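**Q** fold the following.
(one chain, ligands or ions: 2)
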Amino acid sequence: MGLEMIAVEIADYIVLKKIILVLFCIILFCKIVRYMFSLLKEEKEPITILVTGAAGQIGYALVPMIARGAMLGPNQPMILHMLDIEPATESLKGLKMELIDAAYPLLRGVVATTDVVEACKDVNIVVMVGGFPRKEGMERKDVMSKNVSIYKAQASALEQHAATDCKVLVVANPANTNALILKEFAPSIPEKNITCLTRLDHNRASGQISERLNVLVSDVKNVIVWGNHSSTQYPDVNHATVTTNSGEKPVRELVVDDNWLNNEFITTVQQRGAAIIKARKQSSALSAASAACDHIRDWVLGTPKGEWVSMGVYSDGSYGIPTGLIYSFPVTCERGDWNIVQGLKIDQFSREKVDKTAQELIEEKTLAKSCLN
Ligand SMILES: NC(=O)c1ccc[n+]([C@@H]2O[C@H](COP(=O)([O-])OP(=O)(O)OC[C@H]3O[C@@H](n4cnc5c(N)ncnc54)[C@H](O)[C@@H]3O)[C@@H](O)[C@H]2O)c1
Ligand SMILES: O=C(O)C[C@H](O)C(=O)O
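**A** Ligands and ions are numbered 1, 2, ... in the order given. Coordinates of the predicted model:
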């Protein structure tokens, strides 16, 4: 065999090796893609969610949202536990029938009960709506004594029977103080796992800006609701922006009316709950249910990059807010954990409002403790 022939054979061999390598890579790539798809299709374990006060009006709006996947996403199956009190037994039964009739694909089981132990068994997420609602003309403090005793009792049941890492959202008013009572009487639940709903106020603030500027509400970012879910809350737009064709613009720059932002905007958001009660003769329900889904979704699945939301959380002293209060702060969430956004500038106007609502929470805490004695 001449040298030329040997060179040709070696070249053929190298080409063949390259072809085999390319084929091998293609097969490997296909296998990886198939594996990724199989992971995506893989059935997740159901998460157990408890809604207390499920037979009430927020409950009636909330449970179908949860069952449709609005809270935990379209691929997360769930088992729903629904708790209410004896007089609501029949309407709770009816709600269970309707959930079955709605044939929600993600809903893998429904427990409708008036037994708090059965309701709390192994729950992973708890939305506490049960309680005595404020009626027209009533102050939130009027319902305090009725609700703190409910929250004390339910804290013990959760502590003993819920999953050890359960996440709790308190909706029922006074939401911040009910959450604080729950925290005090369920000391084994990590304090970071007990929160209250101020997302409704946050969404209301974004909604008012969107209406005023005629922009999409989804383009309004980073409003803050500080403090109590009450008329002393402080809706703050000093760090808020709107996404426009020419980038992110500060809300103040676009509104060009500091008088409106510092007065009417704040009181409209603060008084929105009362305005809805006046109009409907019942407190807000669908917007509260939707906000509860937003709160849990962002907490569990994370907030979008560069955005924060408002959540009532246990104060660690950030922004000079005393520890020992459940206070609404701007937070970002990642991998099921929230963190208070640090380093935001608080001007004198804001400082007074942030402190005023903290002061109301201190007073509510004292009142709640006296109701327990
Ligand atoms: N945080 C917020 O943003 C926000 C918004 C709207 C309403 N709320 C509050 O949410 C709460 C519920 O409002 P709603 O309109 O659904 O009231 P609702 O009266 O229609 O429903 C409350 C339900 O709780 C039940 N309940 C009472 N005691 C209970 C107990 N010990 N255990 C379990 N269930 C119990 C009642 O039987 C009723 O079915 C109220 O306190 C309301 O003020 C909070
Ligand atoms: O029930 C209320 O007091 C009002 C409610 O908290 C709301 O903000 O709509």
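**Q** show me which helix or strand of this structure is least confident by mean pLDDT.
**A** Every helix and strand of the chain was ranked by mean pLDDT, DSSP states H and E. The lowest is helix 3-41, at a mean of 75.
**Q** need the next SSE after it, C-terminal direction.
**A** strand 47-52 (DSSP states H and E).
**Q** so, low pLDDT: which residues of the stretch 201-350 of the chain?
**A** Applying pLDDT under 70 to the stretch 201-350 of the chain flags no residue at all.
**Q** my guess is residue 60 meets residue 282, correct?
**A** No - using Cβ atoms under 8 Å, residue 60 makes no contact with residue 282, being 11.4 Å away. For the C-beta atoms, the positions are set from N, CA and C on the backbone; glycine is no exception.
**Q** so which helix or strand takes in the residue in the stretch 201-350 of the chain that ligand 1 sits nearest to?
**A** Proximity of the stretch 201-350 of the chain to ligand 1 (Cβ to the nearest ligand atom) peaks at residue 288, 3.7 Å away. Take DSSP H and E as the rule and residue 288 turns out to sit in helix 286-301.
**Q** contacts only, for the residue of the stretch 201-350 of the chain closest to ligand 1.
**A** 58, 61, 62, 171, 197, 200 (Cβ atoms under 8 Å, 6 or more residues apart in numbering).
**Q** hmm, which of these are the buried ones?
**A** Among these, the ones that count as buried by 16 or more other Cβ atoms under 10 Å are 58, 61, 62, 171, 197, 200.
**Q** follow-up on the earlier one: give me the angle between the helix holding residue 288 and strand 47-52.
**A** 150 degrees (axes from the mean of the first three to the mean of the last three Cα atoms, to 10 degrees).
**Q** what's the spacing between whatever helix or strand comes next after helix 286-301 and its chain's center?
**A** Proceeding N to C from helix 286-301, the next assigned helix or strand is strand 309-314, under DSSP H and E. Relative to its chain's centre, strand 309-314 lies at 9 Å (Cα atoms, centre = their mean, to the nearest Å).
**Q** need the contact partners of strand 309-314.
**A** Contacts of strand 309-314 (Cβ under 8 Å, 6+ apart): 170, 175-176, 179, 183, 191-192, 194-199, 201-202, 223-226, 229, 294-295, 298-299, 303, 323, 325-333, 338, 340.
**Q** what's the angle from the strand or helix carrying residue 205 to strand 309-314?
**A** In the assignment (DSSP H and E), residue 205 maps to helix 199-213. Angle, helix 199-213 to strand 309-314, by the same axes, to 10 degrees: 150 degrees.
**Q** tell me which other helices or strands helix 199-213 touches.
**A** strand 220-221, strand 224-226, strand 234-236, helix 251-255, helix 264-270, helix 272-280, helix 286-301, strand 309-314 (3 or more Cβ pairs under 8 Å, 6 or more residues apart in numbering; DSSP states H and E).
**Q** go again with 6 Å.
**A** strand 220-221, helix 264-270, helix 286-301 (3 or more Cβ pairs under 6 Å, 6 or more residues apart in numbering; DSSP states H and E).
**Q** can you check which of those gets nearest to residue 74?
**A** When these are compared by Cβ to Cβ, helix 286-301 sits nearest residue 74, at 11.4 Å.
**Q** how far is that closest one from where the chain is centred?
**A** Taking mean C-alpha positions (Cα atoms, centre = their mean), helix 286-301 and its chain are 4 Å apart.
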